[in-house]
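[1] How does the following fold in three dimensions:
(2 chains)
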There are 2 protein chains.
Amino acid sequence: MRTLHMDEKYLLGIDVGGTSVKIGLFTESGQQKEKWSIATNKDNNGEHVLEDIARSILTKWNEHGLSAADVKGAGIGVPGFVDVKKGMIQFAVNIGWVDYPVASILSDFLQIPVVLDNDANLAAAGEYWQGAGNDAADVLLLTLGTGVGGGVIVNGDILHGVSDMAGEIGHVTVVPRNGAPCNCGKTGCLETVSSATGMVRMAEAEAVKHPDSMLYIKKQQTPLTAQILFECAAACDETAAAVVDQSMHYLGMAAGNAANVLNPQRIVIGGGVSAAGEQLLTPLRSHYAVHALPRVADHTSFATAELGNDAGIIGAAWLAKHKAASGGL
Amino acid sequence: MRTLHMDEKYLLGIDVGGTSVKIGLFTESGQQKEKWSIATNKDNNGEHVLEDIARSILTKWNEHGLSAADVKGAGIGVPGFVDVKKGMIQFAVNIGWVDYPVASILSDFLQIPVVLDNDANLAAAGEYWQGAGNDAADVLLLTLGTGVGGGVIVNGDILHGVSDMAGEIGHVTVVPRNGAPCNCGKTGCLETVSSATGMVRMAEAEAVKHPDSMLYIKKQQTPLTAQILFECAAACDETAAAVVDQSMHYLGMAAGNAANVLNPQRIVIGGGVSAAGEQLLTPLRSHYAVHALPRVADHTSFATAELGNDAGIIGAAWLAKHKAASGGL
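    Alright, predicted model coming up:
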């Protein structure tokens, strides 16, 4: 295990999810030495989660003859509202934490510096550092899954804003009139039309209007998914193709509008829907170019995410590398 | 003149416009010692402008017994496309400069470090430093004039993006279908509906539809302006009020969408239209809250710009203070 350069330390990257916690041990240069996961125990509003994480890490350290002195720090990503400066979770609905001082509790257990951020920001940092970011200092990550997550890298650092809410591009309004209701309480958010859920909602509505479509036939056989939608579009079903194009129109407009403000070099599409690859990126690039200014669009390249489920722990390790104050506990 | 603290130097702030160049001399703490302006000589694609600026500055230095050694550096703002890292203007249509190394030419004349940025970014930096920014580290400035300019301060620094195009919120799409053509070549940009020009265009169209309106009567007497539009709205003309509200709907949506990505603490409205004050800010806040997420909107305050035409030279002085490398010419 002790294959580090002199003075190099290890980094811990932790990604807390509603069903499991992923943990990775990395060198400071970002090489992954080991990764594992443990179940998320949500009993009593998740009061055991951090202790479980700490015990699992201490066991690994023991196995490898490591101690706190060998580790620079840990980054930890949590889905929810964070106060980055205080290392507090304000609200993590999937875990049960409310106003919970995650960083200090875990730091007390492990006796190393711990830095907290939200999971979408850390996925962006992970792709920026080791994935599809491709050395760009300005990256916008859009994660298309059940919802639409976003993370923004500006000048090589995570953009947070005044209340750590930056990057919520899933909730920009793209359907100003008669938009579908969003989980956030607004209507017409990008999430309602470009998440997997939103695409399926649109696909179901259009299928019913076009009973001659392949999409309609599929719908009679099985619940529609984004994957089925893209398969039907690939098979030249016009109804499915129109839904994909409409969804990419909204995504391209939201990305283009955000890019006119951020001027990113790289836009990375992650989440389950990104499996569609060029079938998604080709119309997205085309709609993007309608809305981004030419001097903006000319400098943007698109890619699908490369790190899959590991983006979170890699981004968390990046956080430990860059934000864990060596001196301070 | 020599009222500086020991070791404190002067800063020069220069704001180049199509008709005049404003110049200010400031202390490092930002106190304005003197400001003046010279005409912009656009002959031969503006080849004399920098020499004129330098001569004017050297004359002032002579008057006050100052030399290059007393000045930390100069910031210079130009309306146009910039390459900030190279200190080059790529294209400044109002001056005539194309691929013009502004910073190095002026630095050679004055023998002090010179830093270049575009005028909208420096107006944002000026308001951030000494105006309506109110100590917020994350500020969005929207300048409503002939066009809609934008500048973004993130974490106390100007946001540039990969090709120095960040902050172009005037060109986000807010009317996706059948939008009016914009000067940028797109259609439906914020600038087409929330600039003074855009408001007047909408006001003229609505006046004709409502010949019983005060707006229509005014239009028979004189060319409409944004000021007349706000006056009619203040006098309870329903047609005028509806145009103002529609324009603020678009501005609130664009600002709210940008805020979901940037999470700014302060949104500052500048330009001629900002003279409308609360008549503009009240509907703007209300539309903003529809589109910004609650956790975003709750942390944003709005204000009109405070520095007027001096924002550019003050922002340029801020640039000199923070970006002029003391050592390097």
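[2] List, one by one, the residues from the stretch 101-250 of chain A near chain B.
    A:136-138, A:150, A:152, A:154-155, A:159-169, A:171-173, A:176, A:184-186 (C-beta under 8 Å from any C-beta of the partner chain). Placement of C-beta: from N, CA and C, glycine included.
[3] Of the residues you listed, which belong to helices?
    Among these, no member falls in helices (DSSP state H).
[4] ok, of the residues you listed, which come out buried?
    Taking 16 or more other C-beta atoms under 10 Å in any protein chain shown as the criterion, what is buried in these is A:136-138, A:150, A:152, A:154, A:159-169, A:171-173, A:176, A:184, A:186.
[5] Could you name the helices and strands sitting against the strand or helix carrying residue A:231?
    When elements are assigned from DSSP states H and E, residue A:231 belongs to helix A:226-234. Applying 3 or more C-beta pairs under 8 Å, 6 or more residues apart in numbering or on different chains; DSSP states H and E, we find helix A:226-234 packed against helix A:196-209, helix A:214-221, helix A:238-262, helix A:278-291.
[6] Mind giving me the packing neighbours of the shortest one?
    Read it as helix A:214-221. Short answer (3+ C-beta pairs under 8 Å, 6+ apart): helix A:214-221 packs on helix A:196-209, helix A:226-234, helix A:238-262.
[7] 6 Å - rerun?
    helix A:196-209, helix A:226-234 (3 or more C-beta pairs under 6 Å, 6 or more residues apart in numbering or on different chains; DSSP states H and E).
[8] now it and helix A:238-262, what's the angle there?
    110 degrees (axes from the mean of the first three to the mean of the last three C-alpha atoms, to 10 degrees).
[9] Just the CA atoms from helix A:214-221 would do, formatted as PDB, please.
    C-alpha atoms of helix A:214-221 as PDB (Å, rounded to 0.1, in the frame of the first residue of the first chain):
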ATOM      1  CA  MET A 214     -43.900   2.900 -32.500                       C
ATOM      2  CA  LEU A 215     -43.800   4.800 -29.200                       C
ATOM      3  CA  TYR A 216     -47.500   4.100 -28.700                       C
ATOM      4  CA  ILE A 217     -47.000   0.400 -29.500                       C
ATOM      5  CA  LYS A 218     -44.200   0.200 -26.900                       C
ATOM      6  CA  LYS A 219     -46.300   2.000 -24.400                       C
ATOM      7  CA  GLN A 220     -49.000  -0.700 -24.700                       C
ATOM      8  CA  GLN A 221     -46.400  -3.300 -23.900                       C
END
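[10] Now do residue A:236: how many residues are near it, please.
    Applying other C-beta atoms under 10 Å in any protein chain shown, we find 9 other residues in the vicinity of residue A:236.
[11] now swap in residue A:97 and tell me
    By other C-beta under 10 Å, neighbour count at residue A:97 equals 23.
[12] Residue A:219 too?
    Counted with other C-beta under 10 Å, residues neighbouring residue A:219 total 20.
[13] so what's it up against?
    Neighbouring residues of residue A:219 by C-beta atoms under 6 Å, 6 or more residues apart in numbering or on different chains: residue A:207.
[14] next one: residue A:75
    A:13, A:115, A:316-317, A:319-320.
[15] which residues of the stretch 1-150 of chain A score low on pLDDT?
    Within the stretch 1-150 of chain A, the ranges that satisfy pLDDT under 70 run A:1-6.
[16] Contact partners for the residue in it positioned nearest to chain B?
    Nearest residue of the stretch 1-150 of chain A to chain B (C-beta to the nearest C-beta) works out as residue A:138 at 5.0 Å. Counting by C-beta under 6 Å, 6+ apart, residue A:138 touches A:154, A:264-265, B:161-162.
[17] redo that, cut-off 10 Å
    Contact analysis of residue A:138 by C-beta atoms under 10 Å, 6 or more residues apart in numbering or on different chains lists A:128, A:152-156, A:159, A:259, A:262-267, A:299-300, B:159-163, B:166.
[18] do the same with residue A:208
    Here residue A:208 is in contact with A:215-216, A:219 (C-beta under 10 Å, 6+ apart).
[19] In three-state terms, how would residue A:15 be classified?
    Here residue A:15 is strand, with the state taken from DSSP: H, G, I helix; E, B strand; the rest coil.
[20] What degree of burial does the nearest residue to residue A:286 once chain neighbours are set aside show, as a neighbour count?
    Spatial nearest neighbour of residue A:286, excluding adjacent residues (C-beta to C-beta, 6 or more residues apart in numbering or on different chains): residue A:252 at 7.1 Å. Residues within reach of residue A:252, counting by other C-beta under 10 Å, total 24.
[21] before we move on, what about residue A:247?
    For residue A:247, using other C-beta under 10 Å, the count is 26.
[22] So for it, what's the pLDDT?
    Listed pLDDT for residue A:247 reads 98.
[23] Test my guess that it contacts residue A:194.
    Yes - at 5.2 Å, residue A:247 counts as touching residue A:194 under the criterion of C-beta atoms under 10 Å.
[24] The residue of chain A most remote from its centre: what's it in contact with?
    Distance from the centre of chain A peaks at residue A:212, with 37.3 Å (C-alpha atoms, centre = their mean). Counting by C-beta under 10 Å, 6+ apart, residue A:212 touches A:237-239.
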